[in-house]
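>>> quick check, what structure comes out for this input:
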Amino acid sequence: MRPMITIRPATLADAAAISIVHCSTVDEWRDPYTRRPTDAATLDLFGRWYNGGAWMSVETCAIHLNGLLLHGHLPLVAEVNGVLVGEAEYYVNREPAPFGPHLHLSVLYVHKDWQRQGIGQALVEAGVEHAHALGCHALTTQPEPEMTGFYRRVGFQPWMRAKEMQTAVEGTSPALTPFSLNSGPPEHLALRIGRYQCGAQGWETLWPAVALPELRALRRGVWRGELDGTPVVLGLREQFRNPTQADGYAWLPPTAPLTPAVTALRSLGAREGYSAVDLLLPEDALPELKTVFRLDYQTTVDLWIKQT
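Numbering: from 1, shown residues only. Model prediction:
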């Protein structure tokens with residue numbers, strides 16, 4: 001019998017309970033440097049973050065939750081008899097087509113003791129209701145492979161496929177202006193390179209809210225300007241495991257060619273002292289890009305959609 005489930009917006013007071021939900025799903029804690037199994041009690045804040053993100057400790061969870069609320073996003077929690085048993089986080093995206101105004105479901109976690117009781121489905125249904133209220137036409141998500149069955153059951157279907165490709169750096173840097181402050185993602189542009197989740201989360205990656213020394217030490221750069229008369233915002237972020245490599249991001253008009261942005265990211269990477277840049281590129285753009293650049297395959301990322 002399905003329990004009586006209450007869905008409501010999260011508040012800062014929920015940070016500790018949300019952290020408990022996320023931590024309940026960790027089967028084995030690992031040291032961030034040796035990667036060997038360890039007791040969670042031995043880990044500092046960064047060690048806990050490494051095992052699952054900001055939700056792994058109440059301190060970082062509260063900061064992350066505060067950022068979501070300040071930026072107008074939509075964290076929801078599920079309760080049964082007053083006990084918080086699940087959480088979903090929806091990012092509000094106002095990007096141009098083909099994405100359009102939509103809610104992106106970035107995470108959905110249910111406490112391990114309450115799984116398979118309709119709580120995940122209730123959190124998705126609540127997302128649909130909020131999408132209607134906000135004038136958003138769809139929900140999107142990037143499901144883990146083991147969760148695709150669940151997302152099919154609640155109405156999602158595969159939509160866009162991207163492939164992470166690595167390219168060597170080279171070239172002369174373009175005349176772009178560095179960003180010195182987080183002024184928010186450019187709503188008139190779409191995240192076309194580096195769309196691991198959604199535009200708002202890509203921006204969040206480049207402007208970390210959690211002041212862990214290990215994260216703040218990672219080099220980041222954001223630039224804006226024009227390439228061949230097209231407005232762009234480009235970003236690079238140093239990889240945690242390999243400081244000689246960076247992840248690249250590019251916000252562009254929806255129909256702009258990707259070749260100038262890839263060229264610019266390669267040259268910015270060279271200027272910043274990296275040896276290679278990883279670029280998550282739309283699969284349908286790869287045939288043309290491969291005629292210009294050497295691109296070595298790393299992994300595949302699938303975006304799913306649920307029309308509302």
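>>> quick one, domains of the chain?
Per automatic domain parsing, the domain ranges recorded for the chain read 5-141, 161-303.
>>> so which of these comes closest to residue 147?
Smallest distance to residue 147 across the domains of the chain (Cβ to Cβ): 8.4 Å, for domain 5-141. To be clear about C-beta, it is placed using only N, CA and C from the backbone, and glycine gets the same treatment.
>>> can you tell me which of the domains of the chain is nearest to residue 150?
Nearest to residue 150, of all the domains of the chain, is domain 5-141, at 6.3 Å by Cβ to Cβ.
>>> using a markdown table, please lay out the domains of the chain together with mean pLDDT.
Formatted as a markdown table, the domains of the chain follow (pLDDT from 0 to 100):
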| stretch | mean pLDDT |
| --- | --- |
| domain 5-141 | 96 |
| domain 161-303 | 93 |
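>>> any chance of those domains in CSV, plus mean neighbour count?
Compiled in CSV, the domains of the chain are given as follows (neighbours: other Cβ atoms under 10 Å):
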stretch, mean neighbour count
domain 5-141, 18
domain 161-303, 17
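>>> the helices in this protein, which residues?
Taking DSSP state H as the criterion, the chain carries its helices at 15-23, 45-50, 58-70, 119-134, 148-153, 199-206, 213-216, 259-271, 286-290.
>>> residue 5 is nearest to which of the ones you listed?
helix 119-134 (4.7 Å).
>>> quick revisit: including distance to residue 152, could the domains of the chain go into CSV?
Converted to CSV, the domains of the chain look like this (distance: least, Cβ to Cβ, whole Å):
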stretch, distance to residue 152
domain 5-141, 12
domain 161-303, 12
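>>> do you know which of those domains lies nearest residue 155?
domain 5-141 (7.6 Å).
>>> any idea how far that closest one is from the middle of the chain?
Remark: domain 5-141 is offset 12 Å from the chain centroid, using Cα atoms, centre = their mean, to the nearest Å.
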